[in-house]
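> show me how the following folds:
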Amino acid sequence: MSGMQRQTLRDWVHRYNEAGLTGLSSRVSSGPARLLSADRMEAFKELVIKGPDPEINKVVRWRCVDLREKLAERFPVSVHKGTVAKWLRELDLTRLQPRPFHPNQDAAAQVVTVTSGARAAVCTRRHPARAHQRTPEFIP
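The predicted structure follows:
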């Protein structure tokens, strides 16, 4: 035959004998089996939402590399950090995390500093020449 391998023709004949003309249509492969079952994906999601314990995990927020190590500890799975990022997207979780905070920080002092500093910055941008005259305490 013109450019066709004997094995290909044989496969087509077997497919035609089993299923007729519908057997000759292209088949879509299901792809490789998922590395994590639905139950394990749910456990992974809970782990991410719960967040790390700084004392045990030695990190204040999860990175894909950290999650990959945790998955290797919990389940017999070894994946690339890109796969972990893909799973986070599939679970509608983002890799963006809020900025970590120190456990001993003073929230009241932080609010005063942030509000007065923001007002001073606005006034400085409006009138850069008069920036030295204004202090955060006297801003209306």
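> remind me what the helix or strand hosting residue 73 packs against, helices and strands.
Remark: residue 73 resides in helix 64-74, with elements defined by DSSP states H and E. The helices and strands touching helix 64-74, judged by 3 or more C-beta pairs under 8 Å, 6 or more residues apart in numbering; DSSP states H and E, are helix 38-50, helix 81-90. Placement of C-beta: from N, CA and C, glycine included.
> helices or strands next to the shortest one in the packing?
Right, the one you point to is helix 81-90. Short answer (3+ C-beta pairs under 8 Å, 6+ apart): helix 81-90 packs on helix 38-50, helix 64-74.
> any residues touching it, and which ones?
The list of residues contacting helix 81-90 from outside it, by C-beta atoms under 8 Å, 6 or more residues apart in numbering, reads 35, 36, 41, 44, 48, 64, 65, 67, 68, 71, 94, 95.
> and if you look at the first one?
Residues from elsewhere that reach helix 38-50 (C-beta under 8 Å, 6+ apart): 36, 62, 67, 70, 71, 74, 75, 87, 88, 91, 93.
> got a ChimeraX select line for the buried ones in those residues?
To isolate in ChimeraX the members of those that are buried, counting by 16 or more other C-beta atoms under 10 Å, one can use:
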select :36,62,67,70,71,87,88
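> dump the contacts of helix 38-50 into a markdown table; add pLDDT as well.
Output for those, formatted as a markdown table (pLDDT from 0 to 100):
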| residue | pLDDT |
| --- | --- |
| 36 | 92 |
| 62 | 88 |
| 67 | 93 |
| 70 | 93 |
| 71 | 93 |
| 74 | 92 |
| 75 | 90 |
| 87 | 94 |
| 88 | 93 |
| 91 | 92 |
| 93 | 87 |
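> for the contacts of helix 38-50, which one is nearest residue 7?
Proximity of the contacts of helix 38-50 to residue 7, judged by C-beta to C-beta, is greatest for residue 36, which lies at 36.2 Å.
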